[in-house]
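In: structure, please.
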Amino acid sequence: MKLSQFFIFSFISISLFECVNSHQALKYNKLKLPSGVSGPESIAFDCNGDGPYTGISDGRILKWQGSKHGWKEFAITSPFRIPKFCNGSINPAMEQVCGRPLGLKFNEATCDLYIADAYFGLLVVGHNGGVAKQIAISAEGVPFRFTNALDIDQNTGIVYFTDTSTIFQRWAYAIAMQTGDKTGRLLKYDPRTKEVTVLLRGLSFSNGVALSKDKDFVLVTETTTAKVTRYWLQGQKSQLSDTFTQLVGCPDNIQRNIHGEFWVAQNNCGRP
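Out: Numbers count the residues shown, from 1 in each chain. Below is the predicted model:
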């Protein structure tokens, strides 16, 4: 019997869906966030399978410890964060101070958590949590303005991630979408050399990232054009890109399951 799991986020909770097989009803458990906490974005499980971990609106990364102990604060991305002013905040203007962790992924070999924070770039924190260390804030001399999502090659440790725009920050995401901004980038960070490389540029609101099971390509969602773009890492098409699929809705995060299939979170692009 195959068991598939996926998550749907609301403003105040995370829902875990378990699809046991096609003949059984979809089951789900809702992990309600603590009172006054909102905006879960991405999820990750650590090298021991514990979690999930999720980043929230007020700049913290929380860890689920089970129904008995609930959520606890695991890490933060901003060294300037003041709990008195940040905890519980949903004010976008405070994100530049409090942090806004979006993409999360653990390196299974080191148990380090890599974080894409919208304002503080690419960061990493050890398995004990705490204040994350900033490891990349620019590429080719162009600062990150809206670091968004990431995935990790668990064999090499290379991190693939997106910078949604080189012009607009996260607080101005609606303007970026309305104006059709096409300055998004797909990048990679090599932890051995500490170098950041731009793989693709000119993307339309580059968002989610997912590496293929065979590690021969990486997918990136382009929200405003409602498509998933594929960048080839190996083979005859190496360093080339093409359209992997065109979608009906506007894509956000994308995740690969153990079978090599991809789950894409979409919205209705503002249509009624």
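
In: now do the helices in the stretch 51-200 of the chain.
Out: Counting by DSSP state H, counting those that start in this stretch, the stretch 51-200 of the chain has helices at residues 83-86, 95-98, 173-178.

In: ok, and what's touching the last one?
Out: Right, the one you point to is helix 173-178. Residues outside helix 173-178 that contact it (CB atoms under 8 Å, 6 or more residues apart in numbering) are Phe146, Thr164, Ser165, Ile167, Phe168, Phe205, Thr223, Thr224. Just so you know, the C-beta spots here come from the backbone N, C-alpha and C atoms, and that holds for glycine as well.

In: buried only: go through those for me.
Out: The neighbour count (16 or more other CB atoms under 10 Å) marks Phe146, Thr164, Ser165, Phe168, Phe205, Thr223, Thr224 as buried among these.

In: let's have the contacts of helix 173-178 in JSON lines, adding pLDDT.
Out: Shown next, in JSON lines, are the contacts of helix 173-178 (pLDDT from 0 to 100):
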{"residue": "Phe146", "pLDDT": "98"}
{"residue": "Thr164", "pLDDT": "98"}
{"residue": "Ser165", "pLDDT": "98"}
{"residue": "Ile167", "pLDDT": "98"}
{"residue": "Phe168", "pLDDT": "97"}
{"residue": "Phe205", "pLDDT": "98"}
{"residue": "Thr223", "pLDDT": "96"}
{"residue": "Thr224", "pLDDT": "96"}
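
In: which one among these gets closest to Glu261?
Out: Closest approach between these and Glu261, by CB to CB: Thr223, at 20.9 Å.

In: quick check: that closest one touching Leu203?
Out: No. Thr223 is beyond contact range of Leu203, at 9.6 Å (criterion: CB atoms under 8 Å).

In: what is the closest residue to Thr197 other than its chain neighbours paired to in the beta sheet?
Out: With CB to CB, 6 or more residues apart in numbering as the measure, Lys188 is the residue that lies nearest to Thr197, at 5.1 Å, once sequence neighbours are left out. Counting by DSSP bridges, Lys188 forms beta bridges with Tyr160, Thr197.

In: can you report how many residues lie near Cys141?
Out: Wrong residue type there; residue 141 is Gly, not Cys. Each residue near Gly141 was counted by other CB atoms under 10 Å, and the total is 5.

In: how close does it sit to Ser212?
Out: 30 Å (CB to CB, to the nearest Å).

In: circling back to that earlier point, now the helices of the stretch 51-200 of the chain in CSV, with distance to Lys105, mean neighbour count and mean pLDDT?
Out: Shown next, in CSV, are the helices of the stretch 51-200 of the chain (distance: least, CB to CB, whole Å; neighbours: other CB atoms under 10 Å; pLDDT from 0 to 100):
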stretch, distance to Lys105, mean neighbour count, mean pLDDT
helix 83-86, 24, 13, 96
helix 95-98, 21, 20, 97
helix 173-178, 22, 16, 94
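
In: please consider this matter closed, and thank you.
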